[in-house]
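# make a model of this:
(chains A and B)
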Amino acid sequence: GAGVSQSPSNKVTEKGKDVELRCDPISGHTALYWYRQSLGQGLEFLIYFQGNSAPDKSGLPSDRFSAERTGGSVSTLTIQRTQQEDSAVYLCASSSRTDTQYFGPGTRLTVL
Amino acid sequence: GQSLEQPSEVTAVEGAIVQINCTYQTSGFYGLSWYQQHDGGAPTFLSYNALDGLEETGRFSSFLSRSDSYGYLLLQELQMKDSASYFCAVESGGSYIPTFGRGTSLIVHP
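Next comes the predicted model:
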């Protein structure tokens, strides 16, 4: 594909509901990252996938957050029992080199 | 741990030159990247420095001094469309997970 795509672009949910966010990386990119960005803030690392290696989950803020990457391509970030503080833009990035990440447009999550 | 410092906001006029600084504290430094993000948009890669010196790409240049744990992004011939947030990010410690700064909001005035 031309770039990294994410869906949905916007998600409004009620507190306590589960949400799934999807990322389609650039074809052939072995590395995939999830970040969270709150309004006016920097990027907070969540999780990193590299090829078939075990993911680095060190950035996940709680056990309500999980992610998987199927077939080394598409990734899904799941947030269970959402809280209002989970409201943010969730960005996915992929890369084939260590120095350049290509970001998707993000999913804006609003928890009411 | 790792930490990065960059100014929260910089203002300049069209046609001017502006420098956005980034200082970092880390161990096992690999490289420093810069990203641009317009309001409501995704970050886009601008440059990467692994070695000391200046890297030039059109109107944008990036500089790194490893001994000073310092880098900067230089934007020349500023245009209104350059108004955006600029993030520095450092890779270090044997990890391919970059740590991002909090971003610098650049406001370009006519």
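# low-confidence ranges in chain B?
Low-confidence segments of chain B, defined by pLDDT under 70: B:1.
# write out the residues of it neighbouring chain A.
For chain B, the contact set with chain A under Cβ under 8 Å from any Cβ of the partner chain comprises B:30-31, B:33, B:35, B:41-45, B:48, B:50, B:87, B:89, B:91, B:95-103. Backbone N, C-alpha and C define where each C-beta goes, glycine included.
# apply 10 Å and report the result again.
B:4, B:6, B:8, B:30-33, B:35, B:37, B:40-50, B:85, B:87-89, B:91, B:95-103, B:105 (Cβ under 10 Å from any Cβ of the partner chain).
# from these, which land in strands?
Of those, the ones assigned to strands by DSSP state E are B:4, B:30-33, B:35, B:37, B:44-49, B:85, B:87-89, B:91, B:99-100, B:105.
# filter those down to the buried ones.
For those, a burial check counting by 16 or more other Cβ atoms under 10 Å in any protein chain shown picks out B:4, B:30-33, B:35, B:37, B:45-49, B:85, B:87-89, B:91, B:99-100, B:105.
# pull up the residues of chain A that are close to chain B.
Within chain A, the positions lying close to chain B (Cβ under 10 Å from any Cβ) are A:3-4, A:6, A:31, A:33, A:35, A:37, A:40-45, A:47-48, A:50, A:56, A:58-59, A:89, A:91-93, A:95, A:97-106, A:108.
# how does it look with 6 Å?
When proximity is defined as Cβ under 6 Å from any Cβ of the partner chain, chain A approaches chain B at A:42, A:43, A:45, A:48, A:98, A:99, A:100, A:103, A:105, A:106.
# closest one of these to residue A:24?
Taking Cβ to Cβ as the measure, residue A:105 is the one of those closest to residue A:24, at 11.3 Å.
# can you confirm the closest one is in a helix?
No - assessed with DSSP: H, G, I helix; E, B strand; the rest coil, residue A:105 is coil; it does not lie in a helix.
# for it, give me its contacts.
Contacts for residue A:105 (Cβ atoms under 6 Å, 6 or more residues apart in numbering or on different chains) come out as A:6, B:42.
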